[in-house]
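Participant: just need the structure, nothing else, for what follows:
(one chain, ligands or ions: 2)
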Amino acid sequence: MNDETSQGLGSTADQAPSPTPGTPLGLGPSSRWWRNAVAYQVYIRSFKDSDGDGIGDIEGLRHCLPELADLGVKIIWINPCYPSPQRDHGYDIADYRAINPEYGSLEGFELMLAEAHALGIRVIMDIVPNHASVEHAWFHEAIASEPGSPERARFIFTEGEDGGETPPNTWTSVFGRGAWHRVEDGRENPQWYLHLFDWSQPDFNWRNPQVREEFLEILRFWFERGVDGFRIDVAHGLVKPARIPRGEGVGAEGLWGRPEVHEIYEEWRALADSYEEKKYFIGEVWVDSAEKLARFTEPGRLHQSFAFELLVQPWFAYRLRRSIERAFAVAGAEEGPAWALSNHDVHRVVTRLGQEQVDRDPDPRDMLADARRRWPVDVELGVRRAKAEAGLLFALPGTVYVYQGEELGLPEVLDLPDEVRQDPIFTRTGGAEFGRDGCRVPIPWSASGSSMGFGPEGGAKPWLPQPDSFRGCARDLEKADPNSMLSLYKRLSRLRPELLGGASRVEWIDAVPKEVVAFRAGSLVCATNTADEEREAPLIEGASFLLNTADLVDSSGCGAKGSVLPANSTSWWRLG
Ligand code: GLC
Ligand code: MG
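Facilitator: Ligands and ions are numbered 1, 2, ... in the order given. Now for the predicted structure:
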């Protein structure tokens with residue numbers, strides 16, 4: 001049957017949606033395409049600036065897609081690129097169905113999408129359903145309407161205490177200070193609205209069916225354009241208590257990860273599954289127990305939620321092993337964990353691991369505190385450990401998320417001048433916390449040039465200043481250096497598919513020194529030494545030595561074919 005007849009005769013009302021435009025060609029098998037894949041997080045504002053305005057853009061990304069394909073990337077996740085006043089760099093969305101003009105246009109986005117697909121790369125966007133921007137049309141309508149109106153009922157408005165002057169309760173914002181803002185609507189005794197993040201990010205009321213319907217429509221809008229999935233921002237938020245508790249001493253218990261949120265994801269999943277080319281959801285979920293976390297990825301809900309374990313754990317073998325075990329226990333049996341060493345919310349891994357390591361659990365009230373410390377850094381040690389942790393990361397079954405610049409071994413920029421810092425965390429805490437600007441500095445593509453190849457020569461300065469030390473991590477230099485972080489990432493990501501195959505679990509190797517974590521997965525054996533001295537490597541019958549992360553060129557330096565594990569390094573062997 002040729003295409004014409006199949007289209008002419010085959011269309012019935014209950015037919016699955018037709019294949020999305022631009023999806024065929026380069027893409028691999030359509031079922032569970034995220035499994036064991038390498039994903040790359042594009043912080044679009046800082047990735048590549050094509051038009052010289054100092055701000056990364058979609059066209060810049062399109063030009064650089066071949067670089068990502070070369071790195072073995074199969075999925076890109078793009079941080080929010082919708083119109084936004086950028087008070088929280090895109091996590092404050094004014095229009096969910098368009099592209100921020102600073103970043104490009106819808107046509108440009110579709111072109112990038114088609115080219116990514118042709119290179120075998122799937123594209124997932126970031127959706128922010130917990131809150132909008134104060135510039136969103138619905139919020140404007142809400143402010144212009146009466147208290148109690150349907151327009152206000154899309155957000156969470158309520159009267160203050162003490163005659164209206166004091167916030168309704170003592171909930172705090174994740175970014176510091178209180179979570180309520182008093183409206184300036186010119187009315188007598190104005191209401192307050194809830195914002196769990198910045199005041200410019202009003203929370204939606206997910207008990208309102210209009211909100212639910214609107215988000216399904218938004219998902220459809222992008223799915224029909226060929227977008228392959230979404231990373232869900234603050235996926236543990238959304239639904240708030242039906243009755244807002246009032247007054248003093250009201251804690252955040254019952255605010256995050258409420259059971260009602262799963263109904264929403266069940267609806268979303270049904271939509272995702274209705275496409276012939278399966279769509280995918282990964283949640284950013286922070287909850288206080290493994291049981292709660294596991295509920296997000298029960299059958300019929302999200303495919304994955306991030307396993308943040310490795311991103312918050314200090315450099316101790318037993319902790320790494322324990323956190324890997326926990327992540328496997330929580331992940332959906334079929335989909336596997338989604339690993340990450342860093343992202344746009346924490347200090348870069350080189351910096352984190354180059355600081356003093358403290359053998360303690362992350363603070364449950366602020367899991368990210370230890371990943372954003374202002375302590376002295378030994379960058380060389382950090383790079384060495386980051387290489388070792390990359391060796392561990394790429395050996396793990398599941399999806400591996402790499403944050404842009406991690407493959408270059410960029411350090412956190414800790415010395416940005418106060419006046420250039422833009423993160424609301426910095427301003428809301430009065431500078432007590434640096435916040436996240438230091439991991440969002442535009443990345444270096446070449447060792448020379450005024451913006452290190454981030455933008456065209458003669459263009460505007462990058463939106464955050466790049467430190468001179470970034471030149472040493474430029475992509476062009478690292479490409480030419482067989483021992484660079486980039487060469488390591490390429491090597492690991494290319495070996496990974498053939499060694500792991502369809503493996504979905506690790507098998508621990510127990511007979512190792514206490515500073516070593518070792519396992520096999522598929523035909524790969526991986527051992528990471530977290531000690532500052534060398535340790536004996538595990539003896540595995542029939543395994544041939546492949547590489548050591550501390551010295552790719554001369555890994556024979558690790559004793560007779562890998563019988564020794566150098567300090568702070570990971571070795572790989574092939575079985576059979
Ligand atoms: C998530 C994002 C973060 C953002 C916040 C509010 O944690 O990763 O960057 O600021 O949500 O949307
Ligand atoms: Mg630009």
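Participant: low pLDDT regions in this structure?
Facilitator: Low-confidence segments of the chain (pLDDT under 70): 1-26, 28-30, 333, 556-561.
Participant: interface residues of it facing ligand 1?
Facilitator: 88, 91, 128, 197, 233, 234, 284, 344, 345 (C-beta under 6 Å from any ligand atom). For every residue, glycine as well, the C-beta is placed using N, CA and C.
Participant: residue contacts, the closest residue to residue 456 other than its chain neighbours?
Facilitator: Using C-beta to C-beta, 6 or more residues apart in numbering and skipping the chain neighbours, the partner closest in space to residue 456 is residue 52 (4.6 Å). Residues in contact with residue 52 (C-beta atoms under 8 Å, 6 or more residues apart in numbering) are 455, 456, 458, 459, 460.
Participant: and those, which of them are buried?
Facilitator: 455, 459 (16 or more other C-beta atoms under 10 Å).
Participant: switch the contacts of residue 52 over to CSV; also include distance to residue 303 and secondary structure.
Facilitator: What follows is those, written out as CSV (distance: C-beta to C-beta, whole Å; DSSP: H, G, I helix; E, B strand; the rest coil):
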residue, distance to residue 303, secondary structure
455, 36, coil
456, 39, coil
458, 44, coil
459, 39, coil
460, 39, coil
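Participant: can you tell me which of the contacts of residue 52 is nearest ligand 2?
Facilitator: Ligand 2 has its nearest neighbour among the contacts of residue 52 in residue 455, at 6.8 Å by C-beta to the ion.
Participant: how much space between the closest residue to the closest one other than its chain neighbours and residue 170?
Facilitator: Spatial nearest neighbour of residue 455, chain neighbours left out: residue 49 (3.6 Å); criterion: C-beta to C-beta, 6+ apart. From residue 49 across to residue 170, the span is 43 Å (C-beta to C-beta, to the nearest Å).
Participant: who's more crowded, those two?
Facilitator: Neighbours were counted for residue 49 and for residue 170 using other C-beta atoms under 10 Å; residue 49 has more, 24 against 18.
Participant: a helix runs through that one, doesn't it?
Facilitator: No. Looking at residue 49 with DSSP: H, G, I helix; E, B strand; the rest coil, it is coil, so not inside a helix.
Participant: excluding sequence neighbours, find me the nearest residue to the residue most central in space within the chain.
Facilitator: For the chain, residue 343 is the residue whose C-alpha lies nearest the centre (C-alpha atoms, centre = their mean; 5.3 Å). Closest residue to residue 343 apart from its sequence neighbours, by C-beta to C-beta, 6+ apart: residue 403 at 5.0 Å.
Participant: does that neighbour touch residue 345 like I think?
Facilitator: No. Between residue 403 and residue 345 there is no contact under C-beta atoms under 8 Å: 9.6 Å.
Participant: overlap in contacts of those two?
Facilitator: Going by C-beta under 8 Å, 6+ apart, residues that sit against residue 403 and also against residue 345 are residue 439.
Participant: comparing the two, which residue is more hemmed in?
Facilitator: Per other C-beta under 10 Å, whichever of residue 403 and residue 345 has more neighbours is residue 403, with 23 against 18.
Participant: measure the closest residue in space to residue 135 that isn't next to it in sequence to ligand 1 for me?
Facilitator: Using C-beta to C-beta, 6+ apart and skipping residues adjacent in sequence, the residue nearest residue 135 is residue 94, 4.0 Å away. As defined by C-beta to the nearest ligand atom, to the nearest Å, residue 94 lies at a distance of 14 Å from ligand 1.
Participant: what about residue 277, which SS state?
Facilitator: At residue 277 the chain is in coil, as set by three-state DSSP.
Participant: which residues of this protein fall in helices?
Facilitator: Assigned by DSSP state H, the chain shows helices spanning 3-10, 58-70, 106-118, 137-144, 209-223, 261-273, 290-295, 309-312, 317-330, 349-353, 379-393, 424-428, 475-480, 485-500.
Participant: apart from its chain neighbours, what residue comes closest to residue 527?
Facilitator: Here the residue nearest residue 527, using C-beta to C-beta, 6+ apart, is residue 518, at 3.8 Å.
Participant: just to revisit the earlier point, quick one: which of the residues of the chain next to ligand 1 is nearest to ligand 2?
Facilitator: Taking C-beta to the ion as the measure, residue 344 is the one of the residues of the chain next to ligand 1 closest to ligand 2, at 18.0 Å.
Participant: could you pull up the residues touching the nearest residue to that closest one once chain neighbours are set aside?
Facilitator: Ranked by C-beta to C-beta, 6+ apart and with sequence neighbours excluded, the top spatial neighbour of residue 344 is residue 43, at 5.0 Å. Residue 43 is in contact with 56, 79, 344, 403, 404, 440, counting by C-beta under 8 Å, 6+ apart.
Participant: repeat the analysis, applying 10 Å as the threshold.
Facilitator: Going by C-beta atoms under 10 Å, 6 or more residues apart in numbering, residue 43 touches 56, 77-79, 89-90, 343-344, 403-405, 439-443.
Participant: what's the answer for residue 286, then?
Facilitator: Neighbouring residues of residue 286 by C-beta under 10 Å, 6+ apart: 174, 234-237, 256-257, 292-293, 305-306, 308, 364, 367-368.
Participant: wait, residue 93 sits on residue 79?
Facilitator: No. At 11.6 Å, residue 93 does not count as touching residue 79 under the criterion of C-beta atoms under 10 Å.
Participant: and for those two, which residues touch both?
Facilitator: Contact criterion C-beta under 10 Å, 6+ apart; residues shared by residue 93 and residue 79: 126, 233.
Participant: quick one, which of those two is more surrounded?
Facilitator: A count of neighbours by other C-beta under 10 Å puts residue 93 above the other of residue 93 and residue 79, at 28 against 23.
Participant: okay, the more buried one and residue 142: tell me how far apart.
Facilitator: Distance from residue 93 to residue 142, counting by C-beta to C-beta: 15 Å.
Participant: ditto for residue 534
Facilitator: Residue 534 sits 63 Å away from residue 142, going by C-beta to C-beta.
Participant: give me the more crowded residue out of these two.
Facilitator: Per other C-beta under 10 Å, whichever of residue 534 and residue 142 has more neighbours is residue 142, with 26 against 16.
Participant: that one: what's it in contact with?
Facilitator: By C-beta under 10 Å, 6+ apart, the neighbours of residue 142 are 132, 134, 136, 149-155, 157, 183, 185, 191, 193, 202.
Participant: and if you look at residue 174?
Facilitator: Applying C-beta under 10 Å, 6+ apart to residue 174 gives the contacts 195-198, 201, 234, 237, 252, 256, 286, 366, 368, 424-425, 428.
Participant: do that again at 7 Å, thanks
Facilitator: Listed by C-beta atoms under 7 Å, 6 or more residues apart in numbering, the contact set of residue 174 reads 196, 197.
Participant: give me the neighbour count for the one residue in the stretch 301-450 of the chain that gets nearest to ligand 2.
Facilitator: For the stretch 301-450 of the chain and ligand 2, the shortest gap (C-beta to the ion) falls at residue 442, measuring 10.3 Å. Residue crowding around residue 442 was assessed by other C-beta under 10 Å; the count is 28.
Participant: was I right to think it contacts residue 470?
Facilitator: No. Using C-beta atoms under 7 Å, residue 442 is not in contact with residue 470; the gap is 8.7 Å.
Participant: pick out the residue in the stretch 1-150 of the chain sitting closest to ligand 1.
Facilitator: Ranked by C-beta to the nearest ligand atom, the top residue of the stretch 1-150 of the chain for proximity to ligand 1 is residue 91, at 3.3 Å.
Participant: now swap in the stretch 301-450 of the chain and tell me
Facilitator: For the stretch 301-450 of the chain, C-beta to the nearest ligand atom, closest residue to ligand 1: residue 345, 4.8 Å.
Participant: name the nearest residue to that residue, sequence neighbours excluded.
Facilitator: residue 436 (5.6 Å).
Participant: surely the one you found is in contact with residue 344?
Facilitator: Yes. Here residue 436 reaches residue 344: they are 6.4 Å apart, a contact under C-beta under 7 Å.
Participant: the two: which is more packed in?
Facilitator: Each of residue 436 and residue 344 has its neighbours counted (other C-beta under 10 Å); residue 436 has more, 23 against 18.
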